[in-house]
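Visitor: Mind folding the following:
(chains A and B)
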There are 2 protein chains.
Amino acid sequence: MTETPLSSTERSTVRRHNERAVTDRQALYDVLDAGIVCHLGFVVDGAPVVLPTLYGRDGNTLYMHASSGARSSRLFTPGADVCVTVTHVDGIVYGRSVFHHSANYRSAVVHGTARTLNSEAEKRHGMRVLAEHVVPGAWGYARQPHAKELAAVSVTVLDLTEASVKVRTGPPRDSEDEITPDMWAGVLPVRLDVGTPQPDPHVPDTVPVPEHVRTRRL
Amino acid sequence: MTETPLSSTERSTVRRHNERAVTDRQALYDVLDAGIVCHLGFVVDGAPVVLPTLYGRDGNTLYMHASSGARSSRLFTPGADVCVTVTHVDGIVYGRSVFHHSANYRSAVVHGTARTLNSEAEKRHGMRVLAEHVVPGAWGYARQPHAKELAAVSVTVLDLTEASVKVRTGPPRDSEDEITPDMWAGVLPVRLDVGTPQPDPHVPDTVPVPEHVRTRRL
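Guide: Below is the predicted model of the structure:
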């Protein structure tokens, strides 16, 4: 891991614990691709608003979902600055001192100017990107969106150029003189798991769980 | 679930899917208490910044952690507006149409003015609140912070009065005419699980995993 961020702007430069900064663009994509919900920040009347939002990625572009009635789109000024953050908690870190307790995590922070899609073709593509990310396989299984649904959907896109990735892994960073032979320290791993698919009450028992649901992992 | 938010300000009023808004203050505490990382939004040079941050709750106050060297504190103007959001993904919702795919989740959005703690006593209390939230039991097991550590730590507090909670549960909302006898729809549950504690390499095999680690659940 090096200290350079993915772009050279002031605000995307990781300051605190910059040994945790990652420069590889693939690392950015990996963090984004592993998530379901991003936290979308924007400014309303000078104050920040942070809302959880489903998203997907196509190349170097992030697609975010909001209904056209949603606050996140109604309060948006076209071309407004946004910040989108995706975080995965990978572990809880137990040190010998309270001070050295921490969390293992991967996070991506993207800065940029959001753009809301207008044409039906663009929105259809955006819906497909979102579906392939959140519910891969569903685009080919479920009914695809028709014009009225596309009109009701708002898809916001963000270029991924100005971004930074931070990763913490491994055991606590207790100083050597803290290490004693009678105290436990280490990491409790944390991960998102999926449970058993729960069919909608209207689904007959004879309908199998489709493969794209059965094999979905996080 | 009712449509009224926890406070009556414009920005904390849930607009989209306001049937998902929850008014009970305990519901806010439940969402916050179930999380490890919040997403802290603030404004720098007119643009939003959203950073993941460890936090804890004491009554109606949120405590957030940052090193005094961290961007989140260095870029903070005292009394600056912040927005703190905590989100739990509880399931992936599969509809009969792509349009009705969704996610089950619980989220809390808090607006307010942040204050950074100054005195050693306040910071010690803040560290304890953070520890009891992220690593309950660690305050009594690990070495407690000394003055130099407290000086190096920045703890930011936020009043929880202006907040809203949104919850989505249950199956997809396909319209009745979409329901067909040959298509699966339903929910794939998602949850954060903990794995097997991984001791630090310096911990002798004879040291047991302490109860507060062994019994930690999310």
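Visitor: What sits closest to the spatially most central residue of chain A if chain neighbours are left out?
Guide: By CA atoms, centre = their mean, the mean C-alpha position of chain A lies nearest to A:V86, the distance being 3.3 Å. Closest residue in space to A:V86, ignoring its immediate chain neighbours: A:G35 at 4.4 Å, by CB to CB, 6 or more residues apart in numbering or on different chains. (Glycine included, C-beta is placed from N, CA and C.)
Visitor: The one you found contacts A:V84, correct?
Guide: No. Between A:G35 and A:V84 there is no contact under CB atoms under 8 Å: 10.5 Å.
Visitor: Can you check which residues contact both of the two?
Guide: Common neighbours of A:G35 and A:V84 are listed as A:Y55 (criterion: CB atoms under 8 Å, 6 or more residues apart in numbering or on different chains).
Visitor: quick one, which of the two is more surrounded?
Guide: Legend: neighbour count by other CB atoms under 10 Å in any protein chain shown for A:G35 and A:V84, higher for A:V84 (27 against 22).
Visitor: any idea how far A:V37 is from the more buried one?
Guide: To A:V37, A:V84 is 11 Å away according to CB to CB, to the nearest Å.
Visitor: Same check on A:G112?
Guide: Distance, A:G112 to A:V37, by CB to CB: 19 Å.
Visitor: For A:R216, list the residues it contacts.
Guide: A:R216 neighbours (CB under 8 Å, 6+ apart): A:V135, A:P136, A:G137, A:V194, B:I92, B:L188.
Visitor: Please check these and keep the buried ones.
Guide: The neighbour-count criterion (16 or more other CB atoms under 10 Å in any protein chain shown) marks A:V135, A:G137, A:V194, B:I92, B:L188 among those as buried.
Visitor: on that earlier part again, just checking, the residue nearest to A:V86 is part of a helix?
Guide: No. Counting by DSSP: H, G, I helix; E, B strand; the rest coil, A:G35 is not part of a helix but coil.
Visitor: May I have the phi/psi pair for it?
Guide: With angles defined as degrees, to the nearest 10, A:G35 sits at phi -100, psi 170.
Visitor: where along chain A do the strands fall?
Guide: Applying DSSP state E to chain A gives strands spanning A:21-22, A:37-44, A:47-58, A:61-67, A:81-94, A:102-113, A:115-116, A:153-159, A:163-168, A:186-194, A:198-199.
Visitor: okay if I get those as TSV plus mean pLDDT?
Guide: Shown next, in TSV, are those (pLDDT from 0 to 100):
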stretch	mean pLDDT
strand A:21-22	66
strand A:37-44	94
strand A:47-58	96
strand A:61-67	86
strand A:81-94	97
strand A:102-113	96
strand A:115-116	90
strand A:153-159	93
strand A:163-168	94
strand A:186-194	97
strand A:198-199	98
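Visitor: So for B:P208, which of those sits nearest?
Guide: strand A:186-194 (11.8 Å; CB to CB).
Visitor: returning to what we had before: please tabulate the strands of chain A in CSV and include distance to B:Y29 as additional columns.
Guide: Below are those laid out as CSV (distance: least, CB to CB, whole Å):
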stretch, distance to B:Y29
strand A:21-22, 34
strand A:37-44, 20
strand A:47-58, 18
strand A:61-67, 27
strand A:81-94, 20
strand A:102-113, 21
strand A:115-116, 35
strand A:153-159, 31
strand A:163-168, 28
strand A:186-194, 22
strand A:198-199, 27
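Visitor: Quick check: A:H133 vs chain B, distance?
Guide: 11 Å (CB to the nearest CB, to the nearest Å).
Visitor: mind listing what that residue touches?
Guide: Contacts of A:H133 were listed using CB under 8 Å, 6+ apart, and they are A:D33, A:Y55, A:G56, A:R57, A:Y63.
Visitor: The second one: neighbouring residues, count only.
Guide: Right, the one you point to is A:Y55. 25.
Visitor: cool, the first one as well?
Guide: Burial measure for A:D33: 12 neighbouring residues, criterion other CB under 10 Å.
Visitor: Not counting its neighbours along the chain, what's nearest it?
Guide: That would be A:R57: by CB to CB, 6+ apart, it lies 6.3 Å from A:D33.
Visitor: ok, that neighbour touching A:E132?
Guide: No. Using CB under 8 Å, A:R57 makes no contact with A:E132, being 9.3 Å away.
Visitor: Run through the residues that contact the residue nearest to the centre of chain A.
Guide: A:V86 sits next to A:V31, A:L32, A:G35, A:V37, A:C38, A:H39, A:Y55, A:S107, A:A108 when contact means CB under 8 Å, 6+ apart.
Visitor: please redo it, this time with the cut-off set to 6 Å
Guide: With contact set as CB atoms under 6 Å, 6 or more residues apart in numbering or on different chains, A:V86 has these partners: A:V31, A:L32, A:G35, A:C38, A:A108.
Visitor: cool, A:V110 as well?
Guide: A:V84, A:L160, A:A163.
Visitor: out of the residues you listed, who's nearest B:R96?
Guide: Of these, the one sitting nearest to B:R96 (CB to CB) turns out to be A:V84, at 30.0 Å.
Visitor: quick one, what contacts that closest one?
Guide: A:V84 sits in contact with A:C38, A:L40, A:V110, A:L158, where contact means CB under 6 Å, 6+ apart.
Visitor: Equivalent analysis for A:V194, please.
Guide: B:L188, B:V190.
Visitor: one more time with 8 Å
Guide: A:V194 is in contact with A:R216, A:R217, A:L218, B:I92, B:L188, B:P189, B:V190, counting by CB under 8 Å, 6+ apart.
Visitor: again, but for A:P197
Guide: Contacts of A:P197 (CB under 8 Å, 6+ apart): A:V209, A:V213, A:R214, B:G186, B:V187, B:L188, B:P189.
Visitor: coming back round to it: most neighbours of all the contacts of A:V84, which one?
Guide: A:L40 (30 neighbours).
Visitor: and the gap between it and B:D45?
Guide: The spacing between A:L40 and B:D45, counted by CB to CB, is 19 Å.
Visitor: Next: A:V43.
Guide: 11 Å.
Visitor: just A:G79 next, same as before
Guide: A:G79 is 16 Å from B:D45, by CB to CB.
Visitor: hmm, back to that, between A:V84 and A:V37, which contacts overlap?
Guide: Taking CB under 8 Å, 6+ apart as the criterion, A:V84 and A:V37 both touch A:Y55.
Visitor: tell me, how many neighbours does A:H65 end up with?
Guide: Neighbour count for A:H65, taken as other CB under 10 Å: 27.
Visitor: A:H212 touches A:W139, doesn't it?
Guide: No. Applying CB under 8 Å, one finds A:H212 not in contact with A:W139, separated by 9.4 Å.
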